[in-house]
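# here is the input, now give the coordinates:
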Amino acid sequence: MRSEPLPTIVDFERGEIECGSFNHEAHVCIAWLFTKRFEHSEAIVRFSTALRALTKKFGVPQKYHATLTRFWIDLIAERAAALPSSDWATFRRNNRDLLDDAKNLLHRYYSAELLATDDARHHYRPPDRCQHSAFSRTLPDGS
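Residues are numbered from 1 along each chain as shown. You can find the predicted model right below:
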C-alpha cells in the first residue's frame with residue numbers, strides 16, 4: 001500500500017503536487033479520481049490541461065504526451081465503470097496491471113514507433129495494435 005497521501009483533484013489542478021511524489025501510481029490515482037468525478041470528455045480536458053501545466057511547472061513540458069494521457073484516461077474510465085462503487089484501494093487491488101505492468105499493457109495497444117512520433121505526442125492517436133471500444137470514442141484529444 002501507498003505510504004504517501006493520495007493526490008487530490010484540487011491539488012492537481014492547482015499544480016500543488018511535489019515532483020518527487022508524482023510517480024506512475026499517483027498519475028493513475030488522479031486519473032481515476034477524474035473519471036469518477038467528471039463526465040468522460042470533461043475528465044479528458046481537465047486532466048490533460050492540469051497535467052500539461054504540471055509538466056511545465058516541473059520544468060519538463062516535453063514529457064506531456066497527448067496520446068498516452070488519453071490512453072490512460074480511457075482505460076482507467078473503462079475499468080472504473082466496471083467497479084462503480086469502489087474506493088481507490090479496491091480499484092488499485094483489482095487493477096494491478098495498471099500499476100505493475102503498465103509498459104506491457106501500453107504496448108499491447110501501441111507500437112513504440114507510433115508513440116515516438118511528434119504527432120502522437122501532441123495529438124491523440126488511436127491504438128495501432130489492438131483496437132478496443134474504449135479508445136474509439138470521438139472526444140477531445142486534450143491537445
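# quick one: buried residues of stretch 32-44?
32-36, 38, 40, 43-44 (16 or more other Cβ atoms under 10 Å). Heads up, the C-betas are built off the backbone N, CA and C, glycines and all.
# report the mean per-residue pLDDT for it.
Here stretch 32-44 scores 96 as its mean pLDDT.
# quote the end-to-end distance of it.
11 Å (Cα to Cα, to the nearest Å).
# hey, where'd the helices end up in the protein?
Assigned by DSSP state H, the helices in the chain fall at 9-14, 24-37, 40-57, 66-82, 88-94, 96-100, 102-109, 112-115, 118-122.
# so where's this structure shaky on pLDDT?
When residues are selected by pLDDT under 70, those of the chain lie in 1-4, 132-143.
# residue 129 is nearest to which of the helices of the chain?
Residue 129 lies closest to helix 102-109 among those, at 5.5 Å (Cβ to Cβ).
# about what we covered before: got the helices of the chain as CSV, with distance to residue 129 columns?
Supplementary listing: the helices of the chain in CSV, determined by distance: least, Cβ to Cβ, whole Å:
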stretch, distance to residue 129
helix 9-14, 30
helix 24-37, 21
helix 40-57, 21
helix 66-82, 12
helix 88-94, 24
helix 96-100, 16
helix 102-109, 5
helix 112-115, 9
helix 118-122, 13
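# relative to residue 131, which of these is closest?
Comparing those against residue 131 with Cβ to Cβ, the closest turns out to be helix 102-109 (8.3 Å).
# which strands and helices sit next to that closest one?
If contacts are counted by 3 or more Cβ pairs under 8 Å, 6 or more residues apart in numbering; DSSP states H and E, helix 102-109 sits against helix 66-82.
# now do the buried residues in the helix it packs on.
By 16+ other Cβ under 10 Å, the buried positions in helix 66-82 come out as 66-77, 79-80.
# returning to that earlier point: between the buried residues of stretch 32-44, which sits nearest residue 50?
Proximity of the buried residues of stretch 32-44 to residue 50 was ranked by Cβ to Cβ; the top entry is residue 34 with 8.7 Å.
# from residue 77, how far out is the residue lying closest to the closest one once chain neighbours are set aside?
Closest residue in space to residue 34, ignoring its immediate chain neighbours: residue 43 at 4.2 Å, by Cβ to Cβ, 6 or more residues apart in numbering. For residue 43, the distance to residue 77 (Cβ to Cβ, to the nearest Å) stands at 7 Å.
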